[in-house]
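**Q** with the input below, show me the fold.
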Amino acid sequence: MTTSQSTNAITFHANRSYEVTGVWVKPDALPALQAYFGKIFPVAAGEYGLRSVFGLRPVSAYSGDFVPDLMFVNEWPSLEHFKQFLDDPRTKALIPQRDAAANRLVVTQYSVPQERTVTLREGDIIEFGAMWIKPGKQADLGAYYAKAVEIARKHALEPITALNPVFAYSGDFAPDRAGLNLWRTMDNFRAFANEAESIFRERDAALNRLVVTHAAVQFAAEADAAA
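**A** You can find the predicted model right below:
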């Protein structure tokens, strides 16, 4: 556990599996969900190598409806470790407790293309983006991003990592592309969006669906959660 206002160097590894989870909690069910996390995390971490990377507190949805009450990024040694965890009888016995406390659950596993280290501070604003691309529009989307990234870097964008979806466990959340970007502050993103507004139609013409959620980094104990 780290303290408030801490700074952590976070490394994403190309040979591991990364889970992005969002939980929409039922009214008054947070204590029950926290009790579930307290039981399931020792199984996931002790037996299957789960490591909490960081928690995220959503603060704004630029596009889409991905605004969970709880959001976190976890690392597993491999996708197979995650699947073995799901098959564990102890996990199966606890799942009803989780489901009774959640209105909606999205859990997707991703690979990353290369090792990448980023330094994060408590409260930094991270962008989670996911895209569903229209057939034959990959090149058009690439042309848009070449323009957008040039503008975004002027406003302090720091790409963290691309996320390649490999397994949708819950929520049928399986985009064609996803990623994590660091803005540090919402003002940086707003300045980018204001300058880049004229090219957003190129992006939108290439997509069937776009999810962009901004969330504040948390290194507190509640980030130590498993699916």
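
**Q** any regions of the chain where pLDDT drops low?
**A** Counting by pLDDT under 70, the chain contains low-confidence ranges at 1-5, 220-227.

**Q** the strands in it, which residues?
**A** In the chain, strands defined by DSSP state E lie at 7-12, 17-25, 51-63, 70-76, 102-111, 116-121, 125-133, 158-170, 177-184, 207-218, listed in chain order.

**Q** what packs against the fourth one?
**A** It stands for strand 70-76. Applying 3 or more C-beta pairs under 8 Å, 6 or more residues apart in numbering; DSSP states H and E, one finds that strand 70-76 contacts strand 17-25, strand 51-63. Every residue, glycine included, has its C-beta placed from N, CA and C.

**Q** centre of the chain to that strand, how far?
**A** 7 Å (C-alpha atoms, centre = their mean, to the nearest Å).

**Q** for the nearest residue to residue 169 once chain neighbours are set aside, give the beta-bridge partners.
**A** Among residues not flanking residue 169 along the chain, residue 107 sits closest, at 4.2 Å (C-beta to C-beta, 6 or more residues apart in numbering). On the basis of DSSP bridges, residue 107 is bridged to residue 21, residue 170.

**Q** ok, residue 107 - contacts?
**A** The contact partners of residue 107, taken as C-beta atoms under 8 Å, 6 or more residues apart in numbering, are 19-21, 168-171, 173, 227.

**Q** can you put these in JSON lines and add distance to residue 49 and neighbour count?
**A** Output for the contacts of residue 107, formatted as JSON lines (distance: C-beta to C-beta, whole Å; neighbours: other C-beta atoms under 10 Å):
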{"residue": "19", "distance to residue 49": "12", "neighbour count": "21"}
{"residue": "20", "distance to residue 49": "18", "neighbour count": "23"}
{"residue": "21", "distance to residue 49": "17", "neighbour count": "24"}
{"residue": "168", "distance to residue 49": "21", "neighbour count": "14"}
{"residue": "169", "distance to residue 49": "17", "neighbour count": "16"}
{"residue": "170", "distance to residue 49": "20", "neighbour count": "17"}
{"residue": "171", "distance to residue 49": "23", "neighbour count": "16"}
{"residue": "173", "distance to residue 49": "23", "neighbour count": "19"}
{"residue": "227", "distance to residue 49": "14", "neighbour count": "24"}
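
**Q** would you confirm that residue 70 contacts residue 22?
**A** Yes: counting by C-beta atoms under 8 Å, residue 22 is a contact partner of residue 70 at 7.2 Å.

**Q** one step back: among the helices and strands packed on strand 70-76, which is the most enclosed?
**A** strand 17-25 (a mean of 22; mean count of other C-beta atoms under 10 Å).

**Q** before we move on, back to that, got JSON lines for the helices and strands packed on strand 70-76, with distance to residue 131 too?
**A** What follows is the helices and strands packed on strand 70-76, written out as JSON lines (distance: least, C-beta to C-beta, whole Å):
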{"stretch": "strand 17-25", "distance to residue 131": "14"}
{"stretch": "strand 51-63", "distance to residue 131": "10"}
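
**Q** thanks a lot, see you next time.
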